[in-house]
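Colleague: When you get a sec, could you give me coordinates for this:
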Amino acid sequence: MKKIISSCICLVIFSTFAFHANAQKGQLKLKLDYSYSLPLGSFKNDLISNASPRGVNGSLMYGINNKWSAGLQLGFQDFYQKYPRDIYTTGNHETTSAVVSNSIQVMPVLAKAMFSPLADNTAFIKPYISLATGISIVDFSQYLGGFSGTSNSAGFTVQGSAGIMVPFKKNGASGFNLGAGYNYTGYKKFGYSNLNNLAFNAGVHFPLK
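Modeller: Numbering: from 1, shown residues only. Down below sits the predicted model:
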C-alpha cells in the first residue's frame, strides 16, 4: 500500500512539472468539482446501496489545441452504509446476529483526455466529452458486530464523462461546469467484485496563467 501511494505521489509531482514546462504552448486549466455518486451493479446489490454525497475531484488540463486537452485527474468519494440487524455466517461457519456497516473510500488517479467540439466558436454553452484511465486506491472496512475486516488495495479504473462548460462572461476562460460520468473500478476482495458507479459533478474551471 505504501508503495502504491508513493508511486501516485511521484506521478502527480512529475505530471505537474511536465504541464508547467509545456504551459507556454497552450493554456493550463484547473477544474474543481463536487461529486454525487450512485453505486451500480454488484456494488449496489452486495455492498452499498446508498448514494454518496461526499465526493470531490480536480483536473489539471493542458490545452493541446482549441478542442483537445489532456492532463491528470485526482478524486475522492466516500461510500457508507449501515444495515439493520440480521443473521450472518462468520468465517468459522458460526451464525451471529449483528449489525453490518460497510465503509469504502475510492481515490482515483487518472490520466485524462477531453474533447470540446464547440470550444473555438462563439457558442455560450460548450459541451464536452472525456475519457480517463488509471488506478483507484480503495480503502474498505466492514464491521460485523464485534468482528471487523479492512483492506487497502488498488484497482484499474476507466471513466467516461460528458457535460457542459459555461463561462462566467462571454468568451471568458473561467466558468461553471456540469457533467456526469460512469466509473468502472475493478475490485476483488472479500468475495466482492467491481465498484462501478455513476457520478454527477458540478464545479468551476479557470486558467492558471
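Colleague: Give the residue spans of this protein that score low on pLDDT.
Modeller: 1-26, 85-98, 120-121, 145-148, 209 (pLDDT under 70).
Colleague: mind listing the helices for it?
Modeller: Assigned helices in the chain, in chain order: 2-21, 41-42 (criterion: DSSP state H).
Colleague: how about the closest residue to F206 other than its chain neighbours, what does it touch?
Modeller: Nearest residue to F206 in three dimensions, chain neighbours excluded: S174, at 3.9 Å (CB to CB, 6 or more residues apart in numbering). Any C-beta I mention is one placed from the backbone N, CA and C, and that applies to glycine too. Contacts for S174 were tallied using CB atoms under 8 Å, 6 or more residues apart in numbering; they are P167, F168, V204, H205, F206, P207.
Colleague: Any idea how far stretch 196-209 is from the middle of the chain?
Modeller: 10 Å (CA atoms, centre = their mean, to the nearest Å).
Colleague: then that stretch to CSV, C-alphas only?
Modeller: Below are the C-alpha coordinates for stretch 196-209, written out as CSV (Å, rounded to 0.1, in the frame of the first residue of the first chain):
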residue,chain,number,x,y,z
ASN,A,196,-18.9,0.7,-10.6
ASN,A,197,-20.8,3.9,-10.0
LEU,A,198,-22.5,6.8,-11.8
ALA,A,199,-21.3,10.3,-10.6
PHE,A,200,-22.9,13.7,-11.1
ASN,A,201,-20.4,16.6,-11.0
ALA,A,202,-20.7,20.4,-10.6
GLY,A,203,-17.9,22.9,-10.2
VAL,A,204,-15.8,25.6,-11.7
HIS,A,205,-12.8,25.9,-14.1
PHE,A,206,-10.2,28.6,-14.5
PRO,A,207,-6.9,29.1,-16.2
LEU,A,208,-3.6,29.1,-14.3
LYS,A,209,-1.8,31.6,-16.4
